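# Attaching a predicted model along with its sequence, questions to come.
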Amino acid sequence: MRFNERCEVYTTAKAKRPCQISTREMSRRMPWIHLRCTVRSRPHPPPPQKAAQGTSSAASSTERNPTSTFGFLQIMLMWMSINMTAVVIVLGFLGPITFSLSFKDASLLAVFGAIVGATPVAYIATFGPRSGNRTMILTRYITGWWPSKVIVILTLIILMGYVLLDAVIGGQILSAVSPNASLSVIVGIVIVCILTWIVTAFGYCVFHHFERYAWIPSLIVICLLIGVSAPKWNLEPGPALPPRTLAGNRLSFFSLCLAAEITYAESGADMFVYYPSTTSRTKVFLSTLAGLTLSSAIALITGIGLGSGTLTDPAWSSAYSVSAGALIVEAFRPLGNFGSFCSVLVALGIVANMVLPTYASGVDFQAFGRWFERVPRIVWNTVALVVPMIGAIAGREHLAEIFSNFLALMGYWVSIWIAIVVEEHILFRKLGGKGWKWEDWNDRTKLPIGIAAGVAFLVGWVGAIMGMSQVWYVGPLAKLVSEQGADIGNYVGFSWALVVYPPLRWVELRWVGR
């Protein structure tokens, strides 16, 4: 029999279900039982369980979710709800419009880029059930107590950046669908942010129930969008480009689609901390991978088709010059008033993509330490919505630039982080025999000091900068592919971190021992 830090029994050798007997009551009933008990203590008692528990580990929680075959299907559907939204459709626009790729080229690159990007997300998701720790708490086991704060800051930038992009696109669609654009983009942005706040305010359970069914209207309206717009898609070969330029554009678009998926990794474990520790890691991995890749394929190919149509259809081209949201509304126009209704559903469906980063931001703020944990999560959720809402209002006219630059930059550091996590798990925790002591999540004296991870992270960033290709900077390695550059920052940063981390970590373990 064991106890949690609140001295409540959470497992017994014989019991089929966990019991909730206090130690005082148990002492009265069974005074001999203390001789066979162990108390798992942590430096500071955690906050209450469930969503209010914030960063505290659920590894010893009695409130784990049951799993079944249908439960793994729900995991897949949850990721489909999160990912099959307008923001991914708009990402597809960039293939034909920004990178001058044909429909076939862009579609293949988008699908395979999404698969590669979703694979690390599925891998990180498997840590949720077995550890009971959220992703940013898992990071403490890699980078140590204080360096993990930097990762939290970068993660918050990712999460709020996604909310910003979603809010702009949702506002654009609502504005375009209103009569004579009488509803401003600013008001549309505020509307989608308020709806997101309502869902996230009620915590984990409402979040999961919402995401369980949000994919249904999204899939229906996207299928209608494909049906009504496909006749105007341009399926002809793309413009003739020099071979090196074409190769660079292909690499850059592939990297962009990869980055759009891989950035989910920083919240990958958060959704599964209440699943039993015995949950099949393979099934969690495959369910997550299937949900992300299937939804990405549908949404990205739809966006690529719409983007290709702007090159041949004047009405679509004119709509896109107004905004990305206006193009979606224009594509629905043959359906009349029903098309306007579908456009509104697309705009409201984007809330499903905003809920995850907003909910995760509220928890990640609490990962800064005890003082932040004392602030209710709903306050941090509000901050995580208000800040990007202000940014969305300010940057609503520059969506394409924000999209390409933001996703690429965030993808760089997540790729580096993934390299370090994979090597720490395989080389040192698994093959090295150290294992994971999940009860040490809040004990800084037992966590790494983070020198190896910090140096590997910086080296990876140097590689990413040398391989990046953005409007404002093209790295020397990126120029080797083509004169305009090819965005290879993800791969260079990942590989450089992969090379330098093992020897640094070995030295750290020899000298420090943790």
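Structure received.
# can you list the domains in this protein?
Under automatic domain parsing, the residue ranges defining each domain of the chain are 2-39, 50-511.
# Of those, flag the one that's most buried.
Comparing the domains of the chain by mean neighbour count (mean count of other C-beta atoms under 10 Å), domain 50-511 ranks first with a mean of 21. Just so you know, the C-beta spots here come from the backbone N, C-alpha and C atoms, and that holds for glycine as well.
# Pull the distance from that one to the chain's centre.
The chain centre lies 4 Å from the centre of domain 50-511; the measure is C-alpha atoms, centre = their mean, to the nearest Å.
# okay, S60: pLDDT?
Note on S60: pLDDT of 48.
# hey, least reliable of the domains of the chain by pLDDT?
Among these, domain 2-39 carries the lowest mean pLDDT (a mean of 40).
# What distance do you get for F103 to L224?
20 Å (C-beta to C-beta, to the nearest Å).
# now P357
P357 is 27 Å from L224, by C-beta to C-beta.
# now do A265
From A265 to L224 the distance is 32 Å (C-beta to C-beta).
# One more: V111?
As defined by C-beta to C-beta, V111 lies at a distance of 22 Å from L224.
# what's the answer for I169, then?
Counting by C-beta to C-beta - I169 and L224 are separated by 18 Å.
# How about F372?
Distance check for F372 against L224: by C-beta to C-beta, it reads 44 Å.
# Apart from its chain neighbours, what residue comes closest to the most centrally placed residue in the chain?
The centroid of the chain falls nearest to Y264 when counting by C-alpha atoms, centre = their mean (1.8 Å). In space, Y264 comes closest to V121 once its chain neighbours are excluded; the distance is 4.5 Å by C-beta to C-beta, 6 or more residues apart in numbering.
# SS state for the one you found?
V121 falls in the helix class when you classify it by DSSP: H, G, I helix; E, B strand; the rest coil.
# Which helix or strand lies directly C-terminal to the helix of greatest length in the chain?
Assignment by DSSP state H gives helix 147-177 as the longest helix of the chain. Downstream of helix 147-177, the next assigned helix or strand under DSSP states H and E is helix 185-201.
# and the angle from that following helix to helix 147-177?
Angle, helix 185-201 to helix 147-177, by axes from the mean of the first three to the mean of the last three C-alpha atoms, to 10 degrees: 130 degrees.
# can you list contacts of helix 185-201?
Applying C-beta atoms under 8 Å, 6 or more residues apart in numbering, the contact partners of helix 185-201 are 163, 166-168, 170-175, 206-207, 210, 323, 347-348, 350-351, 354-355, 358-359, 362, 378, 381-382, 385-386, 389, 392-393, 396.
# Now do the following helix or strand past it: which elements does it pack against?
For helix 185-201, the following helix or strand on the C-terminal side (DSSP H and E) is helix 204-213. On a contact count with 3 or more C-beta pairs under 8 Å, 6 or more residues apart in numbering; DSSP states H and E, helix 204-213 meets helix 69-83, helix 185-201, helix 351-366.
# Same list (the ones you listed) but as CSV, adding distance to P179.
Formatted as CSV, the helices and strands packed on helix 204-213 follow (distance: least, C-beta to C-beta, whole Å):
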stretch, distance to P179
helix 69-83, 30
helix 185-201, 14
helix 351-366, 23
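# Quick check: which of these is nearest to Y473?
helix 351-366 (26.4 Å; C-beta to C-beta).
# what packs against that closest one?
Short answer (3+ C-beta pairs under 8 Å, 6+ apart): helix 351-366 packs on helix 69-83, helix 147-177, helix 185-201, helix 204-213, helix 370-373, helix 377-394.
# Could you point out which of those sits nearest T445?
helix 147-177 (14.7 Å).
# so that closest one versus helix 377-394, what angle?
Using the same axes, to 10 degrees: helix 147-177 against helix 377-394 is 50 degrees.
# which residues touch Y123?
Y123 neighbours (C-beta under 8 Å, 6+ apart): A265, G268, F285, I418, V422.
# Sorry, wrong one. I was asking about Y491.
Residues in contact with Y491 (C-beta under 8 Å, 6+ apart) are S255, S415, G467.
# And what about F99, helix, strand or coil?
coil.
# Could you check which helix or strand contains the residue lying closest to it once chain neighbours are set aside?
Leaving aside its chain neighbours, F99 sits nearest to N249 (4.2 Å; criterion: C-beta to C-beta, 6+ apart). Taking DSSP H and E as the definition, one finds N249 inside helix 243-262.
# for that helix, packing partners?
helix 86-97, helix 103-125, helix 281-309, helix 399-423, helix 489-511.
# just checking, what packs against the helix or strand following the third one?
Read in the C-terminal direction, the helix or strand following helix 281-309 is helix 314-322, with elements assigned using DSSP H and E. Contacts of helix 314-322 with other secondary structure elements, assessed using 3+ C-beta pairs under 8 Å, 6+ apart, are made with helix 324-331.
# Extract the CA atoms of the helix it packs on and return them as CSV.
Extracted in CSV, the C-alpha atoms of helix 324-331 (Å, rounded to 0.1, in the frame of the first residue of the first chain):
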residue,chain,number,x,y,z
ALA,A,324,-7.0,35.0,-47.0
GLY,A,325,-10.3,34.7,-45.3
ALA,A,326,-12.0,36.5,-48.1
LEU,A,327,-10.8,33.8,-50.5
ILE,A,328,-12.5,31.1,-48.5
VAL,A,329,-15.7,33.1,-48.5
GLU,A,330,-15.4,33.7,-52.3
ALA,A,331,-15.0,29.9,-52.9
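# I would like the residues contacting it, please.
The contact list for helix 324-331, computed with C-beta under 8 Å, 6+ apart, reads 86, 89-90, 93, 169-177, 225, 228-229, 232, 306, 309-310, 315-316, 319-320, 339-340, 343, 346-347, 399-400.
# tell me the angle it makes with helix 399-423.
Using the same axes, to 10 degrees: helix 324-331 against helix 399-423 is 110 degrees.
# orientation of helix 324-331 relative to helix 86-97 in degrees?
Helix 324-331 runs at 90 degrees relative to helix 86-97, counting by the same axes, to 10 degrees.
# Helix 281-309 and helix 324-331, what's the angle between them?
Put simply, helix 324-331 runs at 70 degrees to helix 281-309, going by the same axes, to 10 degrees.
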